[in-house]
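Undergrad: Task: produce atomic coordinates for the following.
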Amino acid sequence: MGTLGEAELKAMIEEATVDAYNEDEQLTGLFAMLEEHLDVPFTTAVLGVEVTVRGVDLTPDGRIVAVCSRGGMRQSIGILELPLPSPAPEGVEWIEAYRHWAG
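TA: Presented below is the predicted three-dimensional model:
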């Protein structure tokens, strides 16, 4: 993460939010780009435990979350807090753009 410059991040955010009239619509645009471009599943470690990120979701309270699983258990973890593996999956730049937008 952190490989894209300010101008690249702003261009990605603009691409995702071009038709958005308010913050909720901007969030939906960024979510759509994440859903389309993030290569799932991938594994990462959360609190030292390996989990599989199966997808992303948009919660009713306006957060983008990663849908994680381990064994038969599932849990959603906010994308803003999700540790990313190295090497990162394809499309991770959209997580970076979302994090930049969220400030």
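Undergrad: In the protein, what residue spans correspond to helices?
TA: Along the chain, the stretches classed as helices by DSSP state H are 6-17, 23-37, 93-102.
Undergrad: Of all the ones you listed, which one comes closest to S69?
TA: Closest to S69 of those is helix 23-37 (C-beta to C-beta; 17.3 Å). To be clear about C-beta, it is placed using only N, CA and C from the backbone, and glycine gets the same treatment.
Undergrad: averaged over its residues, what pLDDT does that closest one have?
TA: For helix 23-37, mean pLDDT rounds to 96.
Undergrad: Restrict it to CA atoms and write it as PDB.
TA: Extracted C-alpha coordinates of helix 23-37, given in PDB (Å, rounded to 0.1, in the frame of the first residue of the first chain):
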ATOM      1  CA  GLU A  23     -21.400  11.600   0.100                       C
ATOM      2  CA  ASP A  24     -23.600   8.500   0.100                       C
ATOM      3  CA  GLU A  25     -23.500   8.300  -3.700                       C
ATOM      4  CA  GLN A  26     -19.700   8.800  -3.600                       C
ATOM      5  CA  LEU A  27     -19.500   5.900  -1.100                       C
ATOM      6  CA  THR A  28     -21.600   3.700  -3.400                       C
ATOM      7  CA  GLY A  29     -19.400   4.600  -6.300                       C
ATOM      8  CA  LEU A  30     -16.200   3.600  -4.400                       C
ATOM      9  CA  PHE A  31     -17.900   0.400  -3.200                       C
ATOM     10  CA  ALA A  32     -18.800  -0.500  -6.800                       C
ATOM     11  CA  MET A  33     -15.200  -0.100  -7.900                       C
ATOM     12  CA  LEU A  34     -14.000  -2.200  -5.000                       C
ATOM     13  CA  GLU A  35     -16.500  -4.900  -5.800                       C
ATOM     14  CA  GLU A  36     -15.600  -4.900  -9.400                       C
ATOM     15  CA  HIS A  37     -11.800  -4.700  -9.200                       C
END
